[in-house]
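S.K.: predicted structure and sequence below. I'll ask about it afterward.
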Amino acid sequence: LMPFHAWLPGAMVAPAPVSALLHAVAVVKVGVFSLLRVLTGIFGVDRLANAPSLTTIICILAGITLIVASLIALTQDNLKARLAYSTVGQLSYIILGVGLASESGAAGALLHIPMHAVGKITLFLCAGAIYEACGAKYISQMHGIGRKIPLTMTAFFVGSLCVIGLPPTGGFVSKWHLLNGA
């Protein structure tokens, strides 16, 4: 959640895609999973559901973070920085699932952890492949790149669909559960 995200974009714009993968999958998910465990372990889903002021605060913070991080991501020309801010926004979905304090919301939050990881791994590996093949790390340098490396861009497209949450990807399934939990 913002403002605790400040370290993430700098860490994910790492020189090697492998180190960015470590951050995208392991480091950021551990923080969110720990928050999930603390909130559900200490309070439990039933008690969270009966504490509307706490769940409202969690949902508002997650919603604000989701919107602001997504808007910041759209302003980034560096592909990895855009993916990093996208991660901040996507992690807010997981926090939102906890704040919904429902079984479907919790299921959506738990499903979104691996679904986002798979999509984001694909995107970071493609970002590394784009840099290796074309030397481009800025989106403004990527005009016509799909003709140069079509397989990589197809994988990037599929990873994007998963992170966006369009059917039939896993991202759609997790976000569907979040929607049902609301």
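M.R.: Good, I have the coordinates. Numbers count the residues shown, from 1 in each chain.
S.K.: surely residue 95 is in contact with residue 35?
M.R.: Yes. Assessed by Cβ atoms under 8 Å, residue 95 is found in contact with residue 35 at 6.8 Å. In this view, the C-beta of every residue, glycine as well, is placed from N, C-alpha and C.
S.K.: out of those two, which sits in the busier spot?
M.R.: residue 95 (22 against 17; other Cβ atoms under 10 Å).
S.K.: wait, what's in contact with that one?
M.R.: Taking Cβ atoms under 8 Å, 6 or more residues apart in numbering, we find residue 95 in contact with 1, 32, 35, 58, 61, 62, 65, 109.
S.K.: tell me the mean pLDDT for whatever helix or strand the second one lives in?
M.R.: Read that as residue 32. In the assignment (DSSP states H and E), residue 32 maps to helix 28-38. Across helix 28-38, pLDDT averages out at 76.
S.K.: can I get it in CSV? Just the C-alpha atoms.
M.R.: Provided in CSV are the C-alpha atoms of helix 28-38 (Å, rounded to 0.1, in the frame of the first residue of the first chain):
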residue,chain,number,x,y,z
VAL,A,28,6.5,-8.5,-2.7
LYS,A,29,4.2,-11.6,-2.3
VAL,A,30,5.8,-12.4,1.1
GLY,A,31,4.8,-8.9,2.4
VAL,A,32,1.2,-9.2,1.2
PHE,A,33,0.9,-12.9,2.4
SER,A,34,2.2,-11.9,5.8
LEU,A,35,-0.4,-9.1,6.0
LEU,A,36,-3.0,-11.7,5.0
ARG,A,37,-1.9,-14.1,7.7
VAL,A,38,-1.8,-11.4,10.4
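S.K.: can you give me the helices in the protein?
M.R.: In the chain, the helices defined using DSSP state H lie at 7-12, 17-22, 28-38, 44-49, 52-75, 79-99, 103-134, 145-148, 150-164, 170-181.
S.K.: deepest of those, which one?
M.R.: Mean neighbour counts were taken over these using mean count of other Cβ atoms under 10 Å, and the top value, a mean of 25, falls to helix 79-99.
S.K.: and stretch 63-73, how far out from the chain's middle?
M.R.: Centroid separation for stretch 63-73 versus its chain: 11 Å, with Cα atoms, centre = their mean, to the nearest Å.
S.K.: put the alpha carbons of that stretch into PDB.
M.R.: Taking Å, rounded to 0.1, in the frame of the first residue of the first chain, the C-alpha atoms of stretch 63-73 are listed here in PDB:
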ATOM      1  CA  GLY A  63      -8.600   1.400  -3.700                       C
ATOM      2  CA  ILE A  64      -6.600   4.600  -3.500                       C
ATOM      3  CA  THR A  65      -3.300   2.700  -4.000                       C
ATOM      4  CA  LEU A  66      -4.700   0.800  -6.900                       C
ATOM      5  CA  ILE A  67      -5.800   3.900  -8.700                       C
ATOM      6  CA  VAL A  68      -2.800   6.000  -8.000                       C
ATOM      7  CA  ALA A  69      -0.300   3.200  -8.800                       C
ATOM      8  CA  SER A  70      -2.100   2.500 -12.100                       C
ATOM      9  CA  LEU A  71      -2.000   6.200 -13.100                       C
ATOM     10  CA  ILE A  72       1.700   6.400 -12.200                       C
ATOM     11  CA  ALA A  73       2.400   3.300 -14.200                       C
END
